[in-house]
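Trainee: got a structure for you, letters missing:
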């Protein structure tokens, strides 16, 4: 049965988190963010990133105390039968709303861009049939599909500044950080509604036994999403200006339509769309599997394959009947999502942090982490004494000798430094424009360094898991 056998690795969880957050950000929210924060809109994802890191910490603590359990099962253990069922019901309602939102938004995107003459009901039907098909498979399947497309998407997004270099005008970004802090805060709150989708990752905690890997994967995946979405907003303003994207339904698609490589490669948007499509679809499948896992947990089962068809039919019916017009869909997705997320998630997570203290930490790698890191540092020190004369290898050895806690603290310090740059720019850039420019460069540098630091944190967690696995096997 899929519920009993499926396992995903650390990298797959990281890339699934990236697809989950980026898939939502590409659909509709970005034009609202430009409307709220104007030319400084590429700073708004800093606030929801902090919220994501808090959720990653809670999930890591839960995994340490309840290895092999997913979020819905943990709720029953922490809150008891009835309150646990109430907590799971809130999560399921949220997942249902997310699926309604994404199915209608993606259906309208396909109907507007690709198939304008196809009825929207038929597009939603095809999407739901696809969800029902993957609902009979395991999370391993969509993880492997995502492994194929997400690296290509990541590389393609990093290439966008070079592909659009002849269209970029930095004058459109200036003056930097002169928008009021209140507007940036509003943009951050809107983004929290979409970043709150990360709660879905809790349905897959049982597929990775190592809590350190869960923590690092969620951190790196969320920061990859923040960096890429911030890059999209940066390019939208630098290419289209601060006013045009706010009035476009899909500014990301309009952005890539400006890519022209010579005179005969002027429809690069179709190629890029073929990479975007699996990312957005993968996000919906990821959410649908979490929805099925949650329903199956209500009857204390992990095999969700039997309920895929009835759940899909229910989803099809409610999706078609939920909204009457396009403005209703986008208003619900952009303005109701923050209200839904903030109405229950902070309270639920805080209650989990309080109640989990009654249970001891049972994940074995944390008991052996200190000794493993000391041993690893001793081995690498001894190896460096052996006369390794290659600078690249010496640098890699020194980076590998850094402990996981050091990488974690470095990432937190960098994130705090990002707030310092943004705060300094907001305070002084109205009088000294150069300070705003320097703050913008500093913020971009912080995002780049955060990607590197969290990547090293993931590598360290993988090494520690490999070292602790034989020891835990001997102990058992």
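Mentor: Noted; the coordinates are in hand. Given the structure is predicted, the values throughout are model-derived calculations rather than measurements.
Trainee: contacts, neighbours, all on C-alpha from now
Mentor: Fine.
Trainee: isn't residue 349 right up against residue 58?
Mentor: Yes. Judged on C-alpha atoms under 8 Å, residue 349 makes contact with residue 58 at a distance of 7.0 Å.
Trainee: where along the stretch 301-450 of the chain do the helices fall?
Mentor: Along the stretch 301-450 of the chain, the stretches classed as helices by DSSP state H, counting those that start in this stretch are 308-322, 326-331, 337-355, 369-385, 391-401, 404-428, 433-475.
Trainee: Tell me how far residue 436 lies from residue 90.
Mentor: In this view, residue 436 and residue 90 are 42 Å apart by C-alpha to C-alpha, to the nearest Å.
Trainee: Looking at the two now, which is surrounded by more residues?
Mentor: residue 436 (26 against 16; other C-alpha atoms under 10 Å).
Trainee: Contact partners for residue 51?
Mentor: Contact partners of residue 51, counting by C-alpha atoms under 8 Å, 6 or more residues apart in numbering, are residue 192.
Trainee: check which helix or strand covers it.
Mentor: Here residue 51, judged by DSSP states H and E, is contained in helix 46-65.
Trainee: quick one, helices of the stretch 101-250 of the chain?
Mentor: Along the stretch 101-250 of the chain, counting by DSSP H, counting those that start in this stretch, helices occupy 120-134, 139-163, 181-195, 211-240.
Trainee: what about those helices, which gets the closest to residue 256?
Mentor: Closest of these to residue 256 is helix 139-163, at 8.1 Å (criterion: C-alpha to C-alpha).
Trainee: Give me the buried stretch members for that closest one, please.
Mentor: Residues 139-140, 142-143, 146, 149-150, 153-154, 157, 160-161, 163 are the ones in helix 139-163 that count as buried (16 or more other C-alpha atoms under 10 Å).
Trainee: Relative to residue 450, which of those residues is nearest.
Mentor: residue 154 (15.7 Å).
Trainee: Find the nearest non-adjacent residue to that closest one, please.
Mentor: Closest residue to residue 154 apart from its sequence neighbours, by C-alpha to C-alpha, 6 or more residues apart in numbering: residue 228 at 7.7 Å.
Trainee: thinking again about what came up before, turn the helices of the stretch 301-450 of the chain into TSV, columns for mean pLDDT and distance to residue 86.
Mentor: TSV is the format used below for the helices of the stretch 301-450 of the chain (pLDDT from 0 to 100; distance: least, C-alpha to C-alpha, whole Å):
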stretch	mean pLDDT	distance to residue 86
helix 308-322	91	20
helix 326-331	86	27
helix 337-355	93	11
helix 369-385	46	37
helix 391-401	62	45
helix 404-428	91	34
helix 433-475	82	34
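Trainee: Which one of those helices lies nearest to residue 44?
Mentor: Nearest to residue 44 among the helices of the stretch 301-450 of the chain is helix 404-428; the distance by C-alpha to C-alpha comes to 10.0 Å.
Trainee: residues touching residue 320, list them.
Mentor: 104, 121, 124 are the contacts of residue 320 under C-alpha under 8 Å, 6+ apart.
Trainee: pretty sure the residue nearest to residue 154 contacts residue 159?
Mentor: No. With contact defined as C-alpha under 8 Å, residue 228 does not reach residue 159; the gap is 11.1 Å.
Trainee: What distance do you get for residue 166 to residue 43?
Mentor: 24 Å.
Trainee: before we move on, the earlier item: would you mind finding the most buried of the helices of the stretch 101-250 of the chain?
Mentor: Highest mean neighbour count of these: helix 211-240, a mean of 25 (counted as mean count of other C-alpha atoms under 10 Å).
Trainee: Please give the centre-to-centre distance between that one and its chain.
Mentor: Its chain's average C-alpha position is 7 Å from that of helix 211-240, according to C-alpha atoms, centre = their mean, to the nearest Å.
Trainee: Tell me the helix or strand right after that helix.
Mentor: Assignment by DSSP H and E places the next element after helix 211-240 at helix 251-256.
Trainee: now that following helix: mean pLDDT?
Mentor: For helix 251-256, the mean pLDDT works out to 86.
Trainee: For it, which residues meet the burial criterion?
Mentor: Buried residues in helix 251-256, counted by 16+ other C-alpha under 10 Å: 251-253, 255-256.
Trainee: Show me what that helix is packed up against.
Mentor: Counting contacts by 3 or more C-alpha pairs under 8 Å, 6 or more residues apart in numbering; DSSP states H and E, helix 251-256 is packed against helix 211-240, helix 268-298.
Trainee: Mind putting the helices of the stretch 101-250 of the chain into CSV with mean pLDDT and distance to residue 422?
Mentor: Shown next, in CSV, are those (pLDDT from 0 to 100; distance: least, C-alpha to C-alpha, whole Å):
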stretch, mean pLDDT, distance to residue 422
helix 120-134, 91, 41
helix 139-163, 89, 22
helix 181-195, 90, 10
helix 211-240, 92, 14
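Trainee: what's the closest of the ones you listed to residue 274?
Mentor: So among the helices of the stretch 101-250 of the chain, helix 139-163 is nearest, using C-alpha to C-alpha, at 9.7 Å.
Trainee: could you check the angle helix 120-134 makes with the closest one?
Mentor: Inter-element angle recorded for helix 139-163 and helix 120-134: 130 degrees (by axes from the mean of the first three to the mean of the last three C-alpha atoms, to 10 degrees).
Trainee: And the buried residues of helix 251-256, which is closest to residue 95?
Mentor: Once C-alpha to C-alpha is applied, the member of these that ends up nearest residue 95 is residue 252, at 25.4 Å.
Trainee: check contacts around that closest one.
Mentor: Contacts of residue 252 by C-alpha under 8 Å, 6+ apart are 26, 232, 236.
Trainee: Which residues are in contact with the residue nearest to residue 154?
Mentor: 22, 154, 157-158 are the contacts of residue 228 under C-alpha under 8 Å, 6+ apart.
Trainee: would you turn the helices and strands packed on helix 251-256 into CSV with distance to residue 341?
Mentor: Formatted as CSV, the helices and strands packed on helix 251-256 follow (distance: least, C-alpha to C-alpha, whole Å):
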stretch, distance to residue 341
helix 211-240, 17
helix 268-298, 15
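Trainee: Out of the ones you listed, which gets nearest to residue 97?
Mentor: Taking C-alpha to C-alpha, helix 268-298 is the member of the helices and strands packed on helix 251-256 nearest to residue 97, at 10.7 Å.
Trainee: so what secondary structure elements neighbour the closest one?
Mentor: Checking 3+ C-alpha pairs under 8 Å, 6+ apart, helix 268-298 ends up next to helix 10-24, helix 71-113, helix 120-134, helix 139-163, helix 251-256.
Trainee: so which of the ones you listed comes closest to residue 52?
Mentor: Here helix 10-24 is closest among those (C-alpha to C-alpha), at 10.3 Å.
Trainee: quick check, distance from the closest one to the centre of its chain.
Mentor: Worked out by C-alpha atoms, centre = their mean, helix 10-24 lies 5 Å from the chain centre.
Trainee: Contacts made by it with the rest, please.
Mentor: In contact with helix 10-24 (C-alpha under 8 Å, 6+ apart) are residues 102, 143-144, 146-147, 150, 194-195, 197-198, 201, 208, 213-214, 217-222, 224-225, 228-229, 279-280, 282-283, 286, 458, 462.
Trainee: where's the helix or strand just after that helix relative to the chain centroid, distance-wise?
Mentor: Next helix or strand after helix 10-24 toward the C-terminus (DSSP H and E): helix 30-37. Relative to the centre of its chain, helix 30-37 is centred 20 Å away, using C-alpha atoms, centre = their mean.
Trainee: pLDDT of helix 30-37, averaged?
Mentor: 88.
Trainee: Many thanks, have a good one.
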